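J.: need a structure here:
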Amino acid sequence: MKSINIIAGLIGILGCFCHPALADQSIAWEELSREEQRILKPAHKNWEKLSAEKQQLLRAGARRWEQMTPEQRARARKNLKRWKEMSPEERKKFRKRLERFRKLPPEKRRKLRRYREWFRKLPEARRQELRKRWQKMTPQERRKHFNRLPKRPPHRP
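T.: I've put the predicted structure just below:
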């Protein structure tokens, strides 16, 4: 039962980050594929009460979940756990950062993703060292530093 709640929560979170073309009409439960129904089963009881927008978001999240690899699903579960542990203020800060990220030009978003992946592969001690340096910088210094970085991070962390 706990895993069903986790999956339902993940679908809700994933749905928030998807941007499907939202339909004006509700989706009947029967219109969902068997796999979508299986994934969204925790929402079945209240499905008809959900807004059309929420139904669309959940459906998009279920479709995305279907396409994830086991590793991606594990990471999504871990992120949901972190999300649940956040305070409302931390969630608000996260949403603001996400919104700022979405407004960036595509090339800057790609650059950030590449560096984030590079950073994740670094040894923990090195990540801590870089975090401390970053936190000591002013916003202007951070911007200047980021703009000086090459498009691609070094091959090996």
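
J.: got a pLDDT number for Q135?
T.: With respect to pLDDT, Q135 has a value of 93.

J.: which SSE is it in?
T.: Element membership for Q135 (DSSP states H and E) is helix 124-136.

J.: Quick check: next helix or strand after that helix?
T.: Next element after helix 124-136 (DSSP H and E): helix 139-148.

J.: Give me the domain ranges for the chain.
T.: Per automatic domain parsing, the domain ranges recorded for the chain read 1-87, 104-157.

J.: Deepest in the core, which of those is it.
T.: domain 1-87 (a mean of 14; mean count of other C-beta atoms under 10 Å). The C-beta positions use only the backbone N, C-alpha and C, and glycine is treated the same way.

J.: for that one, what is the average pLDDT?
T.: Predicted confidence along domain 1-87 averages 82 (mean pLDDT).

J.: what's the spacing between whichever strand or helix holds E117 and its chain's center?
T.: Per DSSP H and E: E117 is located in helix 106-120. Average the C-alpha atoms of helix 106-120, do the same for its chain, and the two points are 14 Å apart (C-alpha atoms, centre = their mean, to the nearest Å).

J.: contacting residues around it?
T.: Contacts to helix 106-120, defined as C-beta atoms under 8 Å, 6 or more residues apart in numbering, come from residues F101, R102, L104, R127, L130, L149, K151, R152, P153, P154, P157.

J.: That helix vs helix 124-136, what angle?
T.: 130 degrees (axes from the mean of the first three to the mean of the last three C-alpha atoms, to 10 degrees).

J.: Determine the angle, from 0 to 180 degrees, between helix 106-120 and helix 139-148.
T.: 100 degrees.

J.: in the protein, what residue sits furthest out from the centroid?
T.: E30 (28.1 Å; C-alpha atoms, centre = their mean).

J.: right, and Q25 touches A52 too?
T.: Yes: with contact defined as C-beta atoms under 8 Å, Q25 counts as touching A52 (5.8 Å).

J.: got a list of what M86 touches?
T.: For M86, the contact set (C-beta under 8 Å, 6+ apart) comprises F94.
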